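> Provided below are the primary sequence and the corresponding predicted coordinates.
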Amino acid sequence: MTKHTILFLAANPLGTDRLALDREARAIQVEFERSGHRDQFELVTRWAAEPLDLLRELRKLKPMVVHFSGHGGRSGHRPGTGPRRDVVQEMSATTRDHQRGLYFQGPDGRPRLVSTAAIRQTFGAAGKSVKVVVLNACYSDVQAEALLMHVGCIVGIRGTIRDDAARSFAIGFYGALGDCESVAAAHRHGCAAMGLEGSSDGDKPLLRVRDDIDAELLVLARPSPVTGSARTESQNAVTVFRVHCALAQLQFAAMNPGIIRLRPEQLLEAVVDGARSLGLLVGDKDSAIRALSPQALSSKILHDTEQTLPPLLAVARLAQVATIRLLYRGTSFEDVNIQEVMTLELTAKICSDEIGIPDDSFMSWHKSQFAPDANPQLIMKRLEELVRAAFR
């Protein structure tokens, strides 16, 4: 089973209010241990986080959730008493906007401000896997808004927040995620936990959601689609195969109208229904999915397959290259794109080997494509059966 990685970055530099960040990380882990789907999450902590740690860990871990716990900064007056997650500095109006950001720890242990622009750029470069970001720091709503360009759901805080209140929010939020609640519901649970601890409404975090995402449908913990009696691994392999066959036809039809018998609307319906049955496209609005180009939709579903069902990634690639190769058969493209055809055939063989299809079975299937009376539907059905057998 593929676990969802939650990257917990903690920074409490010298000269800032001492925060109980270790208690927050422990509380999140305890909530997952109490939940019904604790085996689907892995909490990875990074202490005394320096700015480059964000880039390195995004690249290395490819987390689904990134949680920053520490201090945010801005200019102005610091309200209230007790440990808070802010660093407030007096500065001129001309430099004020440049001082908004999150405080990581520098090599000397002192605060190192990372600007909103730098955070946005980092997630754009290495945050493709991230679906949710929690910025559990004061004044972090500015960064939350900026990250909507790259991440579907971000929690940020408009004003200040006490250390204990931030911890309470994390307890409610991650406890709900671990019990199969949506991201939107988890945010409500987090705010409710803060209320139970006596926090004021003004301190409660805000959930920002990108237009193409429905946070009420974005559920991170769910029964794994490759285990259990309802669906076997071979059934999922076949569904992945069919979804990516349809995707390949959809892309081919967009570039070569009139060749594919099925209408694009029929192919798109088959793709979306099949992908959703596998737990892919989670949280994506139908309107946003249908607005994607065939190439963009293919890239998105292939990425979701890699994240959610990594053992079946080779099946997805085999389905796409085999379908395109078969569509080239009998067309004028044979002579024009001979190099591409050879590449497709080589890729298909590599994927077949990765899946575990026996060489003699694959070569027999490969030769069947060139029979004068070959039926394309039967050819792909035969390959589907080889895939099914490989996962039994």
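That came through fine.
> Show me what the closest residue to Met64 other than its chain neighbours is bridged to.
Leaving aside its sequence neighbours, Met64 sits nearest to His4 (Cβ to Cβ, 6 or more residues apart in numbering; 4.4 Å). Any C-beta I mention is one placed from the backbone N, CA and C, and that applies to glycine too. On the basis of DSSP bridges, His4 is bridged to Phe41.
> Val219 is in contact with His4, correct?
No - the pair His4 and Val219 fails to qualify as a contact (Cβ atoms under 8 Å) at a distance of 11.0 Å.
> how many neighbours does the residue nearest to Met64 have?
When counting by other Cβ atoms under 10 Å, one arrives at 20 neighbours for His4.
> Please name the residues that touch it.
Gln40, Phe41, Glu42, Pro63, Met64, Val65, Leu220, Ala221 (Cβ atoms under 8 Å, 6 or more residues apart in numbering).
> just curious, which of those residues is nearest to Gln369?
Gln369 lies nearest to Met64 out of the contacts of His4, by Cβ to Cβ, at 39.3 Å.
> For the residue nearest to Met64, give its distance to Gln121.
As judged by Cβ to Cβ, to the nearest Å, His4 and Gln121 stand 25 Å apart.
> Can you pull the domain assignment for this protein?
Segmentation of the chain into domains, based on automatic domain parsing, reads 4-209, 233-390.
> Now do the last one: distance from first to last residue.
It refers to domain 233-390. Between the opening and closing residues of domain 233-390 there is a gap of 10 Å (Cα to Cα, to the nearest Å).
> Going by neighbour count, list what's buried in the longest helix along the chain.
Scanning the chain for the helix with the most residues, using DSSP state H, yields helix 233-255. By neighbour count with 16 or more other Cβ atoms under 10 Å, helix 233-255 contains the buried residues 233, 235-253.
> Looking at Gly198 now. What's its pLDDT?
The per-residue pLDDT reported for Gly198 equals 81.
> what number of residues lie near it?
The tally of other residues near Gly198 (other Cβ under 10 Å) stands at 10.
> separation between it and Arg18?
Counting by Cβ to Cβ, the gap from Gly198 to Arg18 is 21 Å.
> cool, and Met342?
Using Cβ to Cβ, Met342 is found at 64 Å from Arg18.
> For Thr116, list the residues it contacts.
Here Thr116 is in contact with Arg100, Gly101, Val142, Gln143, Ala146 (Cβ under 8 Å, 6+ apart).
> and if you look at Glu265?
Going by Cβ under 8 Å, 6+ apart, Glu265 touches no other residue.
> Leu135 looks like it's in a strand, true?
Yes - counting by DSSP: H, G, I helix; E, B strand; the rest coil, Leu135 falls inside a strand.
> Just give me the neighbour total for the residue nearest to it when sequence neighbours are not counted.
Leaving aside its sequence neighbours, Leu135 sits nearest to Gly156 (Cβ to Cβ, 6+ apart; 4.8 Å). For Gly156, the neighbour count with other Cβ under 10 Å is 25.
> Make sure Gly156 is actually in contact with His187.
No - under the criterion of Cβ under 8 Å, Gly156 makes no contact with His187, lying 11.2 Å away.
> any shared contact partners between the two?
The contact lists of Gly156 and His187 share Pro205, where a contact means Cβ under 8 Å, 6+ apart.
> just checking, what packs against the longest helix of the chain?
When contacts are defined as 3 or more Cβ pairs under 8 Å, 6 or more residues apart in numbering; DSSP states H and E, helix 233-255 sits against helix 264-277, helix 294-308, helix 313-328, helix 376-390.
> which is the next helix or strand following the first one?
Spelled out, it's helix 264-277. Following helix 264-277 in sequence order, the next helix or strand is helix 286-290 (DSSP states H and E).
> now the contacts of Thr116 as JSON lines including neighbour count and secondary structure?
What follows is the contacts of Thr116, written out as JSON lines (neighbours: other Cβ atoms under 10 Å; DSSP: H, G, I helix; E, B strand; the rest coil):
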{"residue": "Arg100", "neighbour count": "19", "secondary structure": "coil"}
{"residue": "Gly101", "neighbour count": "24", "secondary structure": "strand"}
{"residue": "Val142", "neighbour count": "20", "secondary structure": "helix"}
{"residue": "Gln143", "neighbour count": "27", "secondary structure": "helix"}
{"residue": "Ala146", "neighbour count": "21", "secondary structure": "helix"}
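> quick one, helices of the stretch 51-200 of the chain?
Assigned by DSSP state H, counting those that start in this stretch, the stretch 51-200 of the chain shows helices spanning 51-61, 93-96, 116-126, 141-147, 163-178, 183-196.
> For Val134, which of those helices is the nearest?
Val134 lies closest, by Cβ to Cβ, to one member of the helices of the stretch 51-200 of the chain: helix 163-178, at 6.9 Å.
> same for that closest one, what does it pack against?
If contacts are counted by 3+ Cβ pairs under 8 Å, 6+ apart, helix 163-178 sits against helix 21-34, strand 65-69, strand 132-136, helix 183-196.
> just the ones you listed: most buried one?
Of these, the one with the most neighbours on average (mean count of other Cβ atoms under 10 Å) is strand 132-136, at a mean of 28.
> before we move on, back to that, out of the helices and strands packed on helix 233-255, indicate the one that is most buried.
Highest mean neighbour count of those: helix 313-328, a mean of 23 (counted as mean count of other Cβ under 10 Å).
> contact partners of that helix?
Taking Cβ under 8 Å, 6+ apart as the rule, helix 313-328 contacts 237, 240-245, 247-249, 251-252, 259-260, 298, 301-302, 305-306, 334, 337, 341, 344-345, 347-348, 351-352, 354-355, 369, 376, 379-380, 383, 387.
> That one to helix 233-255, inter-axis angle?
Using axes from the mean of the first three to the mean of the last three Cα atoms, to 10 degrees, the direction of helix 313-328 lies 40 degrees away from that of helix 233-255.
> Dump the domains of the chain into JSON lines; add distance to Ala215 as well.
Formatted as JSON lines, the domains of the chain follow (distance: least, Cβ to Cβ, whole Å):
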{"stretch": "domain 4-209", "distance to Ala215": "4"}
{"stretch": "domain 233-390", "distance to Ala215": "7"}
